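[1] here is the input, now give the coordinates:
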Amino acid sequence: MENKKGFGFWVLIIVSIVLVVFLIIGQTLSLIDYDLALSLGLQESEKEIGKVGIAFAKGFAFGDTIFYVPLLVFGILGLLKGKKWGTFLMLGALGISVYWPIVHLYAIYIDTEAITLDPEKYISFPIVLSLITIYGFWGSYYLYKNSGD
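    Just a heads-up that it's a prediction; the model follows:
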């Protein structure tokens, strides 16, 4: 991977860094202080997702903080150093990047009585979550095609 640091490589790295920042601000912050994250518009209220939804949001925040963020960070570092383990870790993170947005998109639309988001979120969530899913698929394909043997 170290000889193939072209445009696609840097797109993958930059998007991954941006995602790490967003995860730390949105997810890790909500793990530390959910009400603060809620007041900043980074999480959903009990009115929108219910008590069970908040429990799952906190569960995702915990999982993201202890697993997803480190995979991304070490994947980025490994790719920048041209290490095979960087590709492996980044592929794990990219798999999560496909999985969780699809779960959330499905949940949002499967039961509109249990989840009643603010109207603008019904527009922004599908856009953002779809872009993260595309990043996950594209990044996986990119690493597959460019990682060598």
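
[2] which element follows the helix or strand where Ile13 lies toward the C-terminus?
    Using DSSP states H and E, Ile13 sits in helix 7-23. Downstream of helix 7-23, the next assigned helix or strand under DSSP H and E is helix 29-32.

[3] what is the helix or strand following that following helix packed up against?
    The helix or strand immediately downstream of helix 29-32 is helix 34-39, counting by DSSP H and E. Applying 3 or more C-beta pairs under 8 Å, 6 or more residues apart in numbering; DSSP states H and E, one finds that helix 34-39 makes contact with helix 29-32, helix 46-63. C-beta here means a position set from N, CA and C on the backbone, and glycine is covered the same way.

[4] for Ser147, which of these is the nearest?
    helix 46-63 (26.1 Å; C-beta to C-beta).

[5] list the buried residues of that closest one.
    Glu48, Ile49, Gly53, Ile54, Ala57, Phe60, Ala61 (16 or more other C-beta atoms under 10 Å).

[6] could you export those as JSON lines, including distance to Val69 and pLDDT?
    Below are these laid out as JSON lines (distance: C-beta to C-beta, whole Å; pLDDT from 0 to 100):
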{"residue": "Glu48", "distance to Val69": "25", "pLDDT": "88"}
{"residue": "Ile49", "distance to Val69": "22", "pLDDT": "89"}
{"residue": "Gly53", "distance to Val69": "22", "pLDDT": "89"}
{"residue": "Ile54", "distance to Val69": "21", "pLDDT": "93"}
{"residue": "Ala57", "distance to Val69": "16", "pLDDT": "93"}
{"residue": "Phe60", "distance to Val69": "12", "pLDDT": "94"}
{"residue": "Ala61", "distance to Val69": "10", "pLDDT": "96"}
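
[7] neighbours of Asp35, just the number please.
    Using other C-beta atoms under 10 Å, Asp35 is surrounded by 10 other residues.

[8] so who does it touch?
    Asp35 makes contact with no residue, according to C-beta atoms under 8 Å, 6 or more residues apart in numbering.

[9] ok, back up a step: could the helices and strands packed on helix 34-39 go into a markdown table alongside distance to Trp85?
    Formatted as a markdown table, the helices and strands packed on helix 34-39 follow (distance: least, C-beta to C-beta, whole Å):
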| stretch | distance to Trp85 |
| --- | --- |
| helix 29-32 | 27 |
| helix 46-63 | 21 |
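
[10] nothing else from me, thank you.
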